[in-house]
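Enquirer: the sequence and its predicted three-dimensional model are supplied below.
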Amino acid sequence: MNHASLKTLGIALIAAMPLMASAQLSGNLGLTSNYKYRGQDQDTSKTRAVKPALQGGFDYAFGESGWYVGNWNSSVNWLSGNSIEMDLYGGYKFKAGALDWDLGALTYLYPGNTSGNTTELYAATTWGPLTAKYSHTVSKDYFGWAGAKAGSGLKGTNTGYLAFSVAQEVAPSVTLKASVGFTRFASDIKDMGVPNYTDFSVGAAYDLGDGLSLGAAVAGGSKKAYFGPVNKSRLLVTLTKTL
């Protein structure tokens, strides 16, 4: 390599240093009294309110570019032969005027029983304490509802989920949180008689310091006559450690 090439390589490395230095890897661990997702219990093996789940994952931000990837996992019990949910996601965050935007894709994986595997594209925008997010299913099925993996010939593609949430610090270390979401099933799922439904969560989180947070919320979903106990309102208590 000649001197000119070495000089060019040196300039490129120096230019890349600020981006590399600002890249960030973070992790989290959590324990919750009941893992609910979109209003539904993710442990259907028991009807009691307390069904603990161990959770954790990591996020990697590519400097100030706005790009990121991550993984999150939780113990679950709603699919035969499977006991864990593994989420893989990636996206791009940017600011436009007064709004913060987040565009990305997320795949839910269930090792041991892939019938629940689901992939969604999402778009979220935040203005102050308010966030609106829409997730759109692009996989053949939506958490196994259409039975596409089993050869039903039906699809869960185009199922949509729209959510609105607010998080506001009301006192030192205390943040109030609330959300409401609406699931609109794809035509093939609705034609089987599965109703669209709403879900909600209302609670608060207390920052204990050193990355430790204690949260409590009441969460549940509508259409209990159809979905049964999994949509029942529950008090959830969660302890989270950010690494």
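Expert: Nice, thanks for sending it over.

Enquirer: per-residue confidence for residue 48?
Expert: You'll see residue 48 listed with a pLDDT of 89.

Enquirer: burial count for it?
Expert: 9 (other CB atoms under 10 Å). Backbone N, C-alpha and C define where each C-beta goes, glycine included.

Enquirer: and if you look at residue 227?
Expert: What residue 227 shows, counting by other CB under 10 Å, is a neighbour count of 17.

Enquirer: before we move on, what about residue 212?
Expert: Residue 212 is flanked by 12 other residues according to other CB under 10 Å.

Enquirer: quick one: it from residue 205, how far?
Expert: Between residue 212 and residue 205 the distance is 11 Å, computed by CB to CB, to the nearest Å.

Enquirer: which residue ranges form the strands in this structure?
Expert: 24-32, 36-37, 40-41, 53-61, 67-75, 84-96, 99-109, 118-127, 130-137, 160-171, 174-184, 197-209, 212-221, 234-242 (DSSP state E).

Enquirer: looking at the ones you listed, which is closest to residue 150?
Expert: Shortest distance between residue 150 and the strands of the chain, using CB to CB, is found for strand 118-127: 14.8 Å.

Enquirer: and that closest one, what does it pack onto?
Expert: Judged by 3 or more CB pairs under 8 Å, 6 or more residues apart in numbering; DSSP states H and E, strand 118-127 is in contact with strand 99-109, strand 130-137.

Enquirer: out of the ones you listed, which comes closest to residue 120?
Expert: Ranking those by proximity to residue 120 (CB to CB) places strand 130-137 first, at 4.4 Å.

Enquirer: let me see the mean pLDDT of that closest one.
Expert: Across strand 130-137, the average pLDDT comes to 98.

Enquirer: partners of that strand, with directions?
Expert: Partners of strand 130-137 in the sheet, by DSSP bridges, are strand 118-127 (antiparallel), strand 160-171 (antiparallel).
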